[in-house]
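Enquirer: fold the following.
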Amino acid sequence: MLSDLIEALTIFQKYENPKYPTHCEHDELIMCGDYHPDKMSADDVKRLDELGFFWSDSEDGYFKSFRFGSA
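Expert: This is a model prediction of the structure:
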């Protein structure tokens, strides 16, 4: 649902409002910015997970979603 994506983006906006907030590749919607679970409330991280966004422990680390990144 579009409302779930809007809710997730609203949570991310609480922590940063970058000029270019997202990047999409290989069925992943990636959040660009200085988002890190250690800098966010536990409730927000939990809700983001429920909405389909999770923390990627890659070298750079970022939140991503397969739910909103695929067609």
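
Enquirer: for the chain, give me the ranges with low pLDDT.
Expert: Along the chain, the model assigns pLDDT under 70 to residues 71.

Enquirer: make it 80
Expert: 57-60, 70-71 (pLDDT under 80).

Enquirer: that one: helices as residue ranges?
Expert: 2-15, 42-51 (DSSP state H).

Enquirer: what's the first one packed up against?
Expert: The reference is to helix 2-15. Where contact means 3 or more CB pairs under 8 Å, 6 or more residues apart in numbering; DSSP states H and E, helix 2-15 is packed against helix 42-51. The C-beta positions use only the backbone N, C-alpha and C, and glycine is treated the same way.

Enquirer: returning to what we had before: dump the helices of the chain to JSON lines, plus distance to Asp57 and mean neighbour count.
Expert: Formatted as JSON lines, those follow (distance: least, CB to CB, whole Å; neighbours: other CB atoms under 10 Å):
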{"stretch": "helix 2-15", "distance to Asp57": "18", "mean neighbour count": "14"}
{"stretch": "helix 42-51", "distance to Asp57": "14", "mean neighbour count": "14"}
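
Enquirer: turn the ones you listed into CSV, columns for distance to Pro21.
Expert: Shown next, in CSV, are the helices of the chain (distance: least, CB to CB, whole Å):
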stretch, distance to Pro21
helix 2-15, 7
helix 42-51, 14
